[in-house]
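*Asks:* Below are the sequence and a predicted model for it; my questions follow.
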Amino acid sequence: MDATAGKELTAVEQMLCKAFPDVGPFGTSALEKALRKLEKFELACQGDDWADPECKATNTEALQYARARAVVKGLSWSLRESLQARGRTGTIERLMEEPFLGKSNATKIVEIFQTGTCQRTLARFERGEAPLDSEGNVRMWAHRHEHKATRPMTDGPAKVELSSVLCISAMTAIKLVHERNIRSIAQLRDRPEIVRELHGGHRLDHSLRFHEQLQEPVPAEDACEMLKTVRETVRALRVPRAAGWHAELVGGGRTRGRAGHDVDILLWHKEEMASFLSSQGPVFVLDILLGVLVEQGRVLPKGEAYFSRKCVASRHDDPRPYLRQIHMAQESSKGFENLQYDHHDKFFGIWRSARTGKLHRIDLVVCSHPEELPFARLAWTGTRTLNRLMRLRAIDLGLYLGAHCFVARGDREGTTETKVVVDAQAGRPPEVITLGKLEPLPFKYVQSEEDILRVLACGTNAFAKLVDPTNRNA
DNA sequence: CGGCATACG
DNA sequence: CGTA
DNA sequence: GCCG
């Protein structure tokens, strides 16, 4: 039985029922590119959503465009045929039946599909002008009343270009444009004294020098070589059960079947954690791996280029500090299996191809605990928009979804208990788990990405199209 | 009319 | 603040 | 801007 039978699906549920292929059958790639450009202009002009809990600002415009693009990717009908059969008005009405598309977004989608651009937003952004809102007024400022700071919506192309440089955020790009009158990467390169003020150090210098190379798509041959080298290197390390380490592509390499400008690799082991205790304290597999890759000349060292390593020592603490809150919230018994979660060790850096000598961005993620693998895979495969949709769905169910596990939020009125339907498929009695506040869902119920998607669908297979990672290009 | 994903150094 |  |  379908747990959602008889009820209208929410917008998020409708989205998660869809498939998002890299290239759809209805010729929407130009439209998708335009919506992506609009999202980038909004992010570059307003700044991305930021995690400051004091300021709960969301870049709603960027979010709208990201969702609209996902809807277009997931469309199961042809805009072109609909325009022929029903005309503009009929097609707009039909689009408005899709999740997250209201009148504004539906109209914009049709205009972009028919003309290749949108006069009130995209065409203005591309000329460096501020866009118009749905009432025709100029949106001169990002509307963030909490921050008195002025953020003009002009100079979109300059801000997009500058913020595409590794180590230069949207906020830094905004300052460069309006405080230093820098309008391109070329202009920034001519002003070393301004680069120095940005406090990016040698990493920023290096990013600027090799920016074009770092933006190029990684050739398939090099992406394969990166994966193979990482896999063989980790298996040759002097760490416990080294031969059991696996390396697999996540990110675009998994959803599209080819790398973009970076290569994302997830490392995992069936039995071992990402680190182990020695007499000197915790030893991180990632650190040893990076040591070898740097020595071999494949990964550029810390002192030379962008190099960001994030490992956590608390994995081996007893009791683990990140569990204290859960212990305090719920003193009662928990199984061993749900006592283990912290963050995955990560590396964001630069790879040098042995074949061409060219530089490429590489991300390595080491799954911290074996049982967290499906969560790490799901989160690091993405896309960003799909992660946000899945996490919104988790919120609807009273859960947190991160890269490690499900945790009951326990913030609903009336009760701190959260009921999770882990299985409600035909021919079986429904299986419901009750969790206390901040209690993780035991890993035995979520041993694969498919299991996670099933929990999100209240025990049904309603979201099963997303099990195939090539359908996750939302 | 509040909320918009989540996480780390 | 910058990154995923 | 769209949703619940």
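*Replies:* Okay, I see it.

*Asks:* From here on, just use CA atoms for contacts and neighbour counts.
*Replies:* OK.

*Asks:* Bridging across strands, which residues link to A:Ser278?
*Replies:* On the basis of DSSP bridges, A:Ser278 is bridged to A:Gly281.

*Asks:* residues of the strand or helix carrying A:His360 that come out buried?
*Replies:* For A:His360, the enclosing helix or strand under DSSP states H and E is strand A:359-366. Judged by neighbour count using 16 or more other Cα atoms under 10 Å, the buried positions of strand A:359-366 are A:Leu359, A:His360, A:Arg361, A:Ile362, A:Asp363, A:Leu364, A:Val365, A:Val366.

*Asks:* Looking at those residues, which is nearest A:Glu111?
*Replies:* The shortest gap between A:Glu111 and any of these belongs to A:Arg361, at 36.0 Å (Cα to Cα).

*Asks:* Which strand residues bridge the closest one?
*Replies:* Beta-bridge partners for A:Arg361, by DSSP bridges, are A:Asp262, A:Ile350.

*Asks:* Relative to DNA strand C, how far out is it?
*Replies:* Applying Cα to the nearest atom of the strand, to the nearest Å, the value for A:Arg361 to DNA strand C is 7 Å.

*Asks:* A:Arg36 now?
*Replies:* Relative to DNA strand C, A:Arg36 is positioned 16 Å away (Cα to the nearest atom of the strand).

*Asks:* Does that residue touch A:Ala66 like I think?
*Replies:* Yes - counting by Cα atoms under 8 Å, A:Ala66 is a contact partner of A:Arg36 at 6.9 Å.

*Asks:* Which one of the two is surrounded by more residues?
*Replies:* For A:Arg36 versus A:Ala66, neighbours defined as other Cα atoms under 10 Å are more numerous around A:Ala66 (22 against 18).

*Asks:* which one is the residue in the stretch 51-200 of chain A positioned nearest to DNA strand C nearest to, not counting chain neighbours?
*Replies:* Residue nearest to DNA strand C within the stretch 51-200 of chain A (Cα to the nearest atom of the strand): A:Cys167, separated by 2.8 Å. Once flanking residues are discounted, A:Cys167 sits nearest to A:Leu204: 5.9 Å by Cα to Cα, 6 or more residues apart in numbering.

*Asks:* residues contacting the one you found?
*Replies:* A:Leu166, A:Cys167, A:Ile168, A:Val195, A:Ala305, A:Tyr306 (Cα atoms under 8 Å, 6 or more residues apart in numbering).

*Asks:* Let me see the contact set for the third one.
*Replies:* Going back to what we said before, that points to A:Ile168. A:Leu162, A:Leu204.

*Asks:* Now do it, the pLDDT please.
*Replies:* Looking at A:Ile168, its pLDDT is 94.

*Asks:* Got phi/psi on it?
*Replies:* The phi/psi pair for A:Ile168 (degrees, to the nearest 10) reads phi -110, psi 110.

*Asks:* gap between it and A:Glu135?
*Replies:* 34 Å (Cα to Cα, to the nearest Å).

*Asks:* which outside residues touch stretch A:270-287?
*Replies:* A:234, A:239-241, A:244-245, A:268, A:311, A:313, A:316, A:344-347, A:366-370.

*Asks:* Mind doing that once more with 7 Å?
*Replies:* Contact partners of stretch A:270-287, identified using Cα atoms under 7 Å, 6 or more residues apart in numbering, comprise A:Ala313, A:Val366, A:Cys367, A:Ser368, A:His369, A:Pro370.

*Asks:* Dump these to JSON lines, plus distance to A:His261.
*Replies:* As requested, the contacts of stretch A:270-287 are exported to JSON lines (distance: Cα to Cα, whole Å):
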{"residue": "A:Ala313", "distance to A:His261": "31"}
{"residue": "A:Val366", "distance to A:His261": "21"}
{"residue": "A:Cys367", "distance to A:His261": "23"}
{"residue": "A:Ser368", "distance to A:His261": "26"}
{"residue": "A:His369", "distance to A:His261": "29"}
{"residue": "A:Pro370", "distance to A:His261": "29"}
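
*Asks:* Adding distance to DNA strand D as columns, could you present those in TSV?
*Replies:* TSV is the format used below for these (distance: Cα to the nearest atom of the strand, whole Å):
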residue	distance to DNA strand D
A:Ala313	38
A:Val366	34
A:Cys367	33
A:Ser368	34
A:His369	34
A:Pro370	35
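
*Asks:* In PyMOL, select just the buried ones from those.
*Replies:* A single PyMOL command selects the buried members of the contacts of stretch A:270-287 (16+ other Cα under 10 Å):
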select buried, chain A and resi 366+367+368+369+370
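
*Asks:* Out of the contacts of stretch A:270-287, the closest to A:Pro469 would be?
*Replies:* A:Cys367 (18.4 Å).

*Asks:* who in chain A is up against DNA strand D?
*Replies:* A:9-12, A:60-61, A:64, A:98-106, A:133-134 (Cα under 7 Å from any atom of the strand).

*Asks:* try it again with 6 Å
*Replies:* A:10-12, A:60-61, A:64, A:99-105, A:133-134 (Cα under 6 Å from any atom of the strand).

*Asks:* which of those residues sit farthest apart?
*Replies:* Of all pairs in these, the most separated under Cα to Cα is A:Thr10 and A:Asp133 at 26.9 Å.

*Asks:* related to what we said a few turns ago, ok, the strand holding A:His360 near DNA strand B or not?
*Replies:* No - if you take Cα under 6 Å from any atom of the strand as the test, strand A:359-366 misses DNA strand B, and the best it gets is 11.7 Å.

*Asks:* quick one, phi/psi of A:Lys310?
*Replies:* phi -130, psi 110.

*Asks:* cool, and A:Trp245?
*Replies:* phi -80, psi 140.

*Asks:* distance of the residue lying closest to it once chain neighbours are set aside from DNA strand C?
*Replies:* Nearest residue to A:Trp245, sequence neighbours excluded (Cα to Cα, 6+ apart): A:His269, at 4.7 Å. For A:His269, the distance to DNA strand C equals 21 Å [Cα to the nearest atom of the strand].

*Asks:* repeat for A:Pro442
*Replies:* Separation of A:Pro442 from DNA strand C (Cα to the nearest atom of the strand): 24 Å.

*Asks:* gap between that residue and A:Arg472?
*Replies:* 26 Å.
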